[in-house]
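Novice: Can you look at this prediction? I've put the sequence above it.
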Amino acid sequence: MEQPESLQDNIIYQIGEVDKIIRDNVLTIFKENGHDISPEQFTILVVLWYLDGLTQNTIAATVNRDKTTISRVLDRMVKNGLILRGKGKEDKRERKIFITKKGKKVQEKLIEKTNVVYHRALMNITDEEINIANRVLNTIFKNLQKESL
């Protein structure tokens, strides 16, 4: 593998820059729509969009964050009425996370608004290119998850 000749040729730098601009766009949408919600809270709402009623540990593993961080974010979300913690049906000790009606409204509105960013970011990119990019990014992620670098 050749050394990048500039920052614009450095894929790791580019990934960071894309992350920053997406985050800025999403935060602008949150503010414009009157929602004081963090990107971490939104990520959890998106996870629960696909599967409501997950455990805190499952959410932490899904979003690749430590349990302590997720616990603090969930506490804020409970305080703001976006989610609630409930008991599991099979195991009463198990705490599951559910979206409230208020959380569902916020979730639906912000997912609709952030979809604009998603579609704008992927304009003029073919499905094949998106599939390749996903494979490459997943490989980079897995490579960096390895214990020894």
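Specialist: Structure received.
Novice: The lowest-mean-pLDDT helix or strand in the chain: how far from the chain's middle?
Specialist: In the chain, no helix or strand scores lower on mean pLDDT, DSSP states H and E than strand 83-87, which sits at a mean of 88. On the basis of Cα atoms, centre = their mean, to the nearest Å, strand 83-87 sits 20 Å off its chain's mean C-alpha point.
Novice: which secondary structure elements does it contact?
Specialist: On a contact count with 3 or more Cβ pairs under 8 Å, 6 or more residues apart in numbering; DSSP states H and E, strand 83-87 meets helix 67-79, strand 95-99. Quick note: C-beta positions are derived from backbone N, CA and C, even for glycine.
Novice: partners of it in the sheet?
Specialist: Take DSSP bridges as the rule and strand 83-87 pairs in its sheet with strand 95-99 (antiparallel).
Novice: which residues of the chain score low on pLDDT?
Specialist: Applying pLDDT under 70 to the chain flags residues 88-92, 146-149.
Novice: Name the residue closest to the centre of the protein, please.
Specialist: Of all residues in the chain, the one closest to the mean position by Cα atoms, centre = their mean is residue 43, 3.4 Å from it.
Novice: Quick check: the residue nearest to that residue when sequence neighbours are not counted vs residue 14, distance?
Specialist: Leaving aside its chain neighbours, residue 43 sits nearest to residue 63 (5.4 Å; criterion: Cβ to Cβ, 6 or more residues apart in numbering). Per Cβ to Cβ, to the nearest Å, residue 63 is found 23 Å from residue 14.
Novice: Also residue 50?
Specialist: In this view, residue 50 and residue 14 are 28 Å apart by Cβ to Cβ.
Novice: which of these two has more neighbours?
Specialist: Neighbour tally, residue 50 and residue 14, criterion other Cβ atoms under 10 Å: the higher count belongs to residue 14, 13 against 8.
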